[in-house]
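> structure here, sequence nowhere to be found:
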């Protein structure tokens, strides 16, 4: 295995002594976003059957005197089944202290025979924190873009929602330039998805739904809000984070979708005949299930130092798979 520089590509090549230095990290997906945007089911080690039941309707009828119950249509509790098939996931990283000799990081190294042992140092903590954040981001990327048959490295782990939902109907909206939607076109797509959703999705409380959208649609929608009196579309939640809303439903920019498109060029938006690059998914949060054998994949790892190889190793192992429950609780839209 090649020596992996887990944390940094280059570090202060002109360093000449002890200084107060800071490393600025690229922002990544947070694990609490997974819990907030999706339904997580633990203890999925290989295959788990998920049972669903459609609502019962028109079962209340007028009482007819002396009418035997057998004359009514048979009432039953309908049960359907879907399957979560979990793929085996591994994270294997390593770090050699030699990468950082001659940089300010060397100041934090141990002394003597333990000089190459990074465990317990600030650098080790930084590496672990970045690895954990990277796992959380990859969980979301695979949850949407996983494709076993596609065979692309980093995606052929399990089938994600985009692959599983290929049979779903897509609302196609014609625009002037799909790759660069205007503010009006972005809000038009959200409006059409909201108005055209099945009754079951419309009846879900706004706080229990999301608009997942490509970043360009998100940015165009923001532009639609700017300079208008639509400040009510953006609210402050209890955690202090600002959320962008449309008709009370949070709009989430899916930067992972752009990554999926760049890496695999798949038919990203379900059964679209062409590889469109801009789209949205209007969905109930509880409809999107992430199954794993652990409660938090980003927390299932071990870190150790090997005296023989004089390297710090990061290892993570977990199972992961996804499924969705009801077609009536999801609505896809694309710009063409």
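Arrived safely. On a predicted model such as this, the values are computed, not experimentally measured, just so you know.

> grab the longest strand from the chain for me.
Determined from DSSP state E, the single longest strand within the chain is strand 311-324.

> beyond it, next helix or strand please.
strand 330-335 (DSSP states H and E).

> next one: that next one to chain centre, how far?
Averaging C-alpha coordinates over strand 330-335 and over its chain gives two centres that are 17 Å apart (Cα atoms, centre = their mean, to the nearest Å).

> in its sheet, what does that strand sit against?
Listed by DSSP bridges, the sheet partners of strand 330-335 and their directions read strand 170-173 (parallel), strand 279-284 (antiparallel).

> could you check the angle strand 311-324 makes with that strand?
Note on geometry: by axes from the mean of the first three to the mean of the last three Cα atoms, to 10 degrees, strand 330-335 and strand 311-324 are set 100 degrees apart in direction.

> mean pLDDT and mean neighbour count for the strands paired with strand 330-335 - can I get that in JSON lines?
C-betas here are computed from N, CA, C, even on glycine. Putting the strands paired with strand 330-335 into JSON lines (pLDDT from 0 to 100; neighbours: other Cβ atoms under 10 Å) gives the following:
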{"stretch": "strand 170-173", "mean pLDDT": "85", "mean neighbour count": "19"}
{"stretch": "strand 279-284", "mean pLDDT": "95", "mean neighbour count": "26"}
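
> mind putting those strands into TSV with distance to residue 126?
Compiled in TSV, these are given as follows (distance: least, Cβ to Cβ, whole Å):
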stretch	distance to residue 126
strand 170-173	43
strand 279-284	35
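
> for residue 336, give me its contacts.
Residue 336 makes contacts with 172, 173, 174, 175, 178, 274, 276, as judged by Cβ atoms under 8 Å, 6 or more residues apart in numbering.

> what about the last one, distance to residue 97?
Taken as Cβ to Cβ, to the nearest Å, the spacing of residue 276 relative to residue 97 amounts to 47 Å.

> do the fifth one as well
When Cβ to Cβ is the yardstick, residue 178 and residue 97 sit 49 Å from each other.

> any low-confidence regions in the stretch 201-336 of the chain?
Low-confidence segments of the stretch 201-336 of the chain (pLDDT under 70): 227-241, 265-275, 298-299.

> so for the residue nearest to residue 317 when sequence neighbours are not counted, what's the pLDDT?
Using Cβ to Cβ, 6 or more residues apart in numbering and skipping residues adjacent in sequence, the residue nearest residue 317 is residue 90, 5.7 Å away. With respect to pLDDT, residue 90 scores 93.

> residues near residue 90, how many?
As a burial measure, residue 90 scores 9 neighbours (other Cβ atoms under 10 Å).

> list the neighbouring strands of the helix or strand harbouring it plus their orientation.
When elements are assigned from DSSP H and E, residue 90 belongs to strand 87-96. Here strand 87-96 has these sheet partners by DSSP bridges: strand 311-324 (antiparallel).

> name the residues of the partner strand that are buried.
311, 312, 313, 314, 316, 318, 319, 320, 321, 322, 323, 324 (16 or more other Cβ atoms under 10 Å).

> correct me, but the second one touches residue 100?
No. Checked against Cβ atoms under 8 Å, the pair residue 312 and residue 100 is beyond contact range at 11.8 Å.

> wait, what's in contact with the closest residue to residue 97 other than its chain neighbours?
The shortest distance from residue 97 to any non-neighbouring residue, by Cβ to Cβ, 6+ apart, is to residue 116 (4.5 Å). Contact partners of residue 116, counting by Cβ under 8 Å, 6+ apart, are 96, 97, 98, 310, 311.
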